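>>> What shape does this take:
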Amino acid sequence: MLGGRGAGKTRTGAEWVRALAETGAACRIALVGETYSDVREVMIDGESGLIAIAPDKLRPGYEASRRRLVWPNGASAQCFSAEDPEGLRGYQFDAAWSDELCKWRYADTAWSNLQLGLRLGERPRQVVTTTPRPTALIKRLMAANGTHLTRTSTWANEANLAETFLSEITAVYRDTPLGRQELYGELVEDTAGALWRWSMIEACHVDLAPDMDRLVIAIDPPASAGAEADECGIVVAGRCGEIAYVLEDLSARGLSPLDWARRAVAAFHRHGADRIVAEVNQGGDMVEAILRQVDPAVPVRAVRASRAKRVRAEPVAALYERGMVRHVGALAKLEDQLVSWTGEGASPDRLDALVWALTDLMLGARAPDPTIRTV
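Numbering: from 1, shown residues only. Model (predicted):
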């Protein structure tokens, strides 16, 4: 099932699993989400999850130590995280529910391992519920002979959604190609005028990165703080030889200055980075001061944007075209921003952080400040 945000996809998947389990049509089911937390909090315990929709007498119980859900008739559903594709090995099922497949970081590997385990019963079957992105995997599944495709929009579930959610999401995505994806569940291919194309993104995915010669944390701080503030762009990237690797997208909305500084400094230490690169157009010396409040010794390079965002982004997009950038796993929100931004509309904070990181690593920035790295 393809659907927009808030379109009731979770309930659709849960109702399908519930019917199989309660009737005994499937006895061993796989529940696969982006993370273990997503499986538990959304697919099982969420308002539209498996426990919430079950009648009292048929309600399954969750066994936390075994990460599985068990129905009174003996049917069971095992939980898996797409971030741990190897965790699917060794199990076997007669049914599976995969939620938000297009957000899975290691989608191809996790999906392949899941298919190898669907081998029980006369008719193994599975359902996928996701907001679509034009990945090779989802396009392959949509074109498969055995696939039954349904599609629904955010507005189909309008009666169950808060007015503030609908007004906010409409304001963000109105009249944009990404809005067709996020609101109407459409599979949107390349956006006219965007610097990045889906073919470039698909070609750059790898599962693992080598040891880095250099590694930086790049920050694009928001101009304000609070729930209504823009996202703070935080991207982790490194360089090995002539290839750059984007390791993590830690961007988030609603962070206070101290929060985004802590997040960036924590990533600096976790990855053993060489320095933090921070845009200071909005905060000037205050940006560096906040970072040093968290860690006085952290190396910081302040950068100031003197050219338009699109002009700064063009050389970085060219690196992708030349095959000089890799993404370690799918970075869904960052990649959606890359392929949809045309130079107009909302500030692309994730994209900006990426541009600063790859400019520092690959486009002739000054030599790194002296640092000590722990081996």
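>>> For residue 242, list the residues it contacts.
The neighbours of residue 242, taking Cβ atoms under 8 Å, 6 or more residues apart in numbering as the test, are residue 324. C-beta here means a position set from N, CA and C on the backbone, and glycine is covered the same way.
>>> what does the domain assignment say about the protein?
2-163, 198-362 (automatic domain parsing).
>>> Need the distance between the two termini of the longest one.
With Cα to Cα, to the nearest Å applied, domain 198-362 spans 22 Å between its terminal residues.
>>> And the pLDDT at residue 72?
Looking at residue 72, its pLDDT stands at 96.
>>> How about the one 3 residues further on?
Per-residue confidence (pLDDT) for residue 75: 97.
>>> Next one: the residue lying closest to it once chain neighbours are set aside from residue 100, what distance?
The shortest distance from residue 75 to any non-neighbouring residue, by Cβ to Cβ, 6 or more residues apart in numbering, is to residue 21 (4.0 Å). To residue 100, residue 21 is 21 Å away according to Cβ to Cβ, to the nearest Å.
>>> likewise residue 106?
Counting by Cβ to Cβ - residue 106 and residue 100 are separated by 13 Å.
>>> With residue 360 instead?
For residue 360 relative to residue 100 (Cβ to Cβ), the value is 32 Å.
>>> How about residue 233?
Following Cβ to Cβ, the distance that separates residue 233 from residue 100 is 22 Å.
>>> Mind checking which of those two has more residues around it?
residue 233 (29 against 21; other Cβ atoms under 10 Å).
>>> check contacts around the more buried one.
Here residue 233 is in contact with 218-220, 251, 349-354 (Cβ under 8 Å, 6+ apart).
>>> mind running it again at 10 Å?
218-222, 249-252, 260, 279, 334, 337, 347-357 (Cβ atoms under 10 Å, 6 or more residues apart in numbering).
>>> Check residue 119 too.
92-94.
>>> try residue 99
9-10, 13-14, 31-34, 38-39, 42-43, 82, 127-130.
>>> how about TSV for the domains of the chain, with distance to residue 184 added?
What follows is these, written out as TSV (distance: least, Cβ to Cβ, whole Å):
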stretch	distance to residue 184
domain 2-163	4
domain 198-362	14
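>>> Tell me which of the ones you listed sits nearest to residue 175.
Among those, domain 198-362 comes nearest to residue 175, with 9.0 Å by Cβ to Cβ.
>>> show me where pLDDT drops low in the protein?
Applying pLDDT under 70 to the chain picks out residues 224-229, 282-284, 345-346, 364-375.
>>> Report all helices and strands that whichever helix or strand residue 334 is part of contacts.
Residue 334 is part of helix 332-340 when elements are defined by DSSP states H and E. Counting contacts by 3 or more Cβ pairs under 10 Å, 6 or more residues apart in numbering; DSSP states H and E, helix 332-340 packs against helix 177-184, helix 198-203, strand 233-240, strand 243-249, helix 309-321, strand 325-328, helix 349-362.
>>> now the angle from the third one to helix 349-362?
What that stands for is strand 233-240. Angle of strand 233-240 versus helix 349-362, following axes from the mean of the first three to the mean of the last three Cα atoms, to 10 degrees, is 30 degrees.
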